[in-house]
Structures are given as structure tokens and as C-alpha cells.
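Enquirer: Structure for the following, please:
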Amino acid sequence: MDGGADVPQVASFMPIVAQEARKLAYGNRFTADDLAQEGIVAAISALESYDPERGSVNGYIRACARNRMISYLRRNGRETPVDDSVIDAGIKGGGCAGPALEREEAIDRREALCALIARLSPFEAGVLDAYLRGGGISGAARITKCERKKVDNALQRIRNKARGLRV
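Expert: Next up is the predicted model:
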């Protein structure tokens, strides 16, 4: 793609990137700004590697931006939240309409995470922690010294428990 064509496309993905940054920043405006910058870099890179036959560009940009933001949080020793696919299934959230609402959403997400952790067995809690630290199923399997399938099964149970949450 030539440089002139990229600018409007990247600008059109700013709302997606900003939304993901706010989710991961837990109400911290400065962290959200840092994450948004990381997300924009990921969006630019993602546009160069996007293959229309593999899915929607919005989903691809969101995933690439989110992954880079989580990597940034891990690299900088900041708290990394539970992946939205685990919690969002059980918690319905609205859009952000300002700092007060963002703070409420951050509190709701923390409460949901605490409620989820309280429902987990010690093994499941360990798998979830390893999954977040290890960056995926393979990393969690390596950290817990368990077979990949056992870790995947535990993550499925965790997701099912998250779906049952009502916060």
C-alpha cells in the first residue's frame, strides 16, 4: 500500500483501537494513551499483512491491536486483564461515555474478575494465571507442566463459569 492510502484507513480504525485501549487500561487515562499508541502501530502493521480471505478487516485490526497492547502491558510489568472472551461472555457492558463511566466499568470488570476467580478450582486458577503470563495455551502448558489438552480443557471450564456470572 502506498503511504497516502494508509492514512485514511488507519484513521478509520482509531475508534476500535481507542476502545480496546480503554478496556485494557482499567480507567487509567495515561495507560490508555500509551496503549492507543501501541494499537495504532499494530493497526498500521496489520493493514500491510491483512488478507481479505481470512476474515473482516475490523476483527483483524482489533485482534492485532489488542495483542500488541497486552504485550506492552506484560513488557512493562503492568497488570494484564483477563482476556475479554473469558469475561465478556458473562458480563454485558455498554460503551464509554466519560471518565466516570470508565471508572465504573473498570470497577465492574474487577468485581467480575474477583467473582470468576472465586468460582475457580485451585488448578483452574493456576491455569488462568499461567495462561495470562504465558501468552496462550502453549505457554500455560509449559508453565504448569501439564499437557496442552489439559490446559485447554481447564480454560473451557473457566469460560463456562464466566458465562454464568451475573454482576
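Enquirer: how far away is residue 39 from residue 115?
Expert: 28 Å (C-beta to C-beta, to the nearest Å). C-beta: built from backbone N, CA, C; applies to glycine.
Enquirer: neighbour count winner among those two?
Expert: Neighbour count, other C-beta atoms under 10 Å: between residue 39 and residue 115, residue 39 has more, with 30 against 18.
Enquirer: Quick one: mean pLDDT for the helix or strand where that one lies?
Expert: Here residue 39, judged by DSSP states H and E, is contained in helix 29-49. Averaging pLDDT along helix 29-49 gives 85.
Enquirer: got the buried residues for that helix?
Expert: 31-32, 34-36, 38-44, 46-47 (16 or more other C-beta atoms under 10 Å).
Enquirer: Return the list of helices and strands in contact with it.
Expert: Here helix 29-49 touches helix 3-12, helix 14-25, helix 57-75, going by 3 or more C-beta pairs under 8 Å, 6 or more residues apart in numbering; DSSP states H and E.
Enquirer: one more time with 10 Å, if that's ok
Expert: Counting contacts by 3 or more C-beta pairs under 10 Å, 6 or more residues apart in numbering; DSSP states H and E, helix 29-49 packs against helix 3-12, helix 14-25, helix 57-75, helix 99-119.
Enquirer: list the buried ones in the third one?
Expert: Across helix 57-75, burial judged by 16+ other C-beta under 10 Å covers 57, 60-62, 64-70, 72-73.
Enquirer: Residue 20 and residue 117: what is the separation?
Expert: Residue 20 is 23 Å from residue 117, by C-beta to C-beta.
Enquirer: between the host helix or strand of residue 124 and helix 57-75, how many degrees?
Expert: Counting by DSSP H and E, the element that carries residue 124 is helix 122-134. Computed by axes from the mean of the first three to the mean of the last three C-alpha atoms, to 10 degrees, the angle separating helix 122-134 from helix 57-75 equals 100 degrees.
Enquirer: Extract the C-alpha set from helix 122-134 and format it as PDB.
Expert: Below are the C-alpha coordinates for helix 122-134, written out as PDB (Å, rounded to 0.1, in the frame of the first residue of the first chain):
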ATOM      1  CA  PRO A 122      -7.100 -24.100  42.600                       C
ATOM      2  CA  PHE A 123      -6.000 -25.900  39.400                       C
ATOM      3  CA  GLU A 124      -8.200 -23.700  37.200                       C
ATOM      4  CA  ALA A 125      -6.900 -20.500  38.900                       C
ATOM      5  CA  GLY A 126      -3.400 -21.700  38.300                       C
ATOM      6  CA  VAL A 127      -4.100 -22.400  34.600                       C
ATOM      7  CA  LEU A 128      -5.700 -18.900  34.200                       C
ATOM      8  CA  ASP A 129      -2.700 -17.200  35.800                       C
ATOM      9  CA  ALA A 130      -0.300 -19.300  33.600                       C
ATOM     10  CA  TYR A 131      -2.400 -18.500  30.500                       C
ATOM     11  CA  LEU A 132      -2.200 -14.800  31.100                       C
ATOM     12  CA  ARG A 133       1.500 -14.900  32.000                       C
ATOM     13  CA  GLY A 134       2.400 -17.400  29.200                       C
END
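Enquirer: Thanks again, I'm all set now.
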